[in-house]
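Chemist: here are the coordinates; sequence isn't available:
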Ligand code: NCD
């Protein structure tokens, strides 16, 4: 990945993904806070988020700092010069003069490419409109592989249920593009009818020899589903012609009752945030004690994957293990000591 940018999950082939996951495995002692490293000492990340974010922005920033680098960031348009009429190309040229690598989140997918065309340093897509979220797809895939390994399963031949806002959910779009690289998956898509998966992704699934079904509820029975990937409705993107959502059944929710009733030993993922309001179409918190709920292992993996990407793009991945030092501090369970 040396010197490369990551704008779309399509930019990566299996060999790239394998390399990223191998580097992520090397970094586990750092994420477990057993070791620290300063291989990126002196490097600066420009972390530009022009849309809401908590975990993605912080995890990119924390990943860079845990490699010894430092972070300059900005959030929203209000405090940015774009609000004064500056073009995205000018912003890109300026910030790339200050940083060694940039992460950009933007509501318009095309802006990612405009920014890239003027940047002097590598660019990572931190989420672009409803289109793409490649680093989320990587950490989702890494999580699926690690959770499946614990159960002796593999992605080839598995049954994967994807639920929620499949129309505007960019994490779903990037993840599906990644999963079609595997073999003989059975996809089950469940969403309100108005928010079904875009036809170009359905075509991609067909072209790659996978099978799929589309449903609007959980009423029928399910045969050995291995994974549920749940998402929230992207209320900030839902438009006029999607009206009618209010009339949707309020019980369209992944709850403990549903899992006990219809699924056996299924792994549950969610890119987060989940919508915890009472009638939300989303993943319910009554599953929080379910062992197969891997959503927080998934967020922890986000750090690993982002650290691995930074290390590879900036060319320090081969130096990682030699740079590790044992930590002298402990931040674990301080409130219980
Ligand atoms: C997702 C996003 O921003 O697309 N969040 C994230 O980065 N983990 C999902 C969402 O906002 O629903």
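Modeler: Done, it's in. Bear in mind that the values here come from a model prediction, so they are computed numbers and not experimental data. Numbering: from 1, shown residues only.
Chemist: can we go C-alpha only for contacts and neighbour counts from here?
Modeler: Fine.
Chemist: Might you name the residue of the protein sitting closest to the ligand?
Modeler: residue 271 (4.5 Å; CA to the nearest ligand atom).
Chemist: Nearest spatial neighbour of that residue, chain-adjacent residues omitted?
Modeler: residue 231 (6.7 Å; CA to CA, 6 or more residues apart in numbering).
Chemist: which strands and helices sit next to the worst-scoring helix or strand of the chain on mean pLDDT?
Modeler: Here the helix or strand of the chain ranked lowest by mean pLDDT, DSSP states H and E is strand 70-75, holding a mean of 91. Contact here means 3 or more CA pairs under 8 Å, 6 or more residues apart in numbering; DSSP states H and E; on that basis strand 70-75 packs against strand 44-49, helix 55-66.
Chemist: thinking again about what came up before, I'd assumed residue 136 was in contact with the residue of the chain closest to the ligand.
Modeler: Yes: Residue 271 is in contact with residue 136 according to CA atoms under 8 Å; the separation is 7.3 Å.
Chemist: what residues are shared contacts of those two?
Modeler: With contacts defined as CA atoms under 8 Å, 6 or more residues apart in numbering, the residues adjacent to both residue 271 and residue 136 are residue 171.
Chemist: Tell me which of these two has more neighbours.
Modeler: residue 136 (27 against 23; other CA atoms under 10 Å).
Chemist: what's the closest non-adjacent residue to that one?
Modeler: Nearest to residue 136 is residue 171, by CA to CA, 6+ apart, at 6.3 Å.
Chemist: any weak-confidence spans in the stretch 201-337 of the chain?
Modeler: 240-251, 332-337 (pLDDT under 70).
Chemist: Strands along that one, start to end?
Modeler: 211-215, 227-230, 267-269, 325-326 (DSSP state E, counting those that start in this stretch).
Chemist: centre of the chain versus the shortest one, how much separation?
Modeler: Spelled out, it's strand 325-326. 29 Å (CA atoms, centre = their mean, to the nearest Å).
Chemist: Flag every buried residue along the least confident helix or strand of the chain.
Modeler: For strand 70-75, burial by neighbour count (16 or more other CA atoms under 10 Å) applies to 70-71, 75.
Chemist: could those residues be laid out in JSON lines, adding distance to the ligand?
Modeler: As requested, the buried residues of strand 70-75 are arranged in JSON lines below (distance: CA to the nearest ligand atom, whole Å):
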{"residue": "70", "distance to the ligand": "21"}
{"residue": "71", "distance to the ligand": "19"}
{"residue": "75", "distance to the ligand": "14"}
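Chemist: Just confirm residue 276 contacts residue 284, I think it does.
Modeler: Yes: the pair residue 276 / residue 284 is scored as a contact, 7.2 Å apart, by CA under 8 Å.
Chemist: more neighbours, the two?
Modeler: Neighbours per residue (other CA under 10 Å) separate residue 276 from residue 284, with residue 284 holding more: 18 against 13.
Chemist: tell me the contacts of the more buried one?
Modeler: 253-256, 276.
Chemist: State the pair within those that is farthest apart.
Modeler: Comparing all pairs in the contacts of residue 284 by CA to CA, the longest separation belongs to 256 and 276, at 14.7 Å.
Chemist: That concludes my questions; thank you for your assistance.
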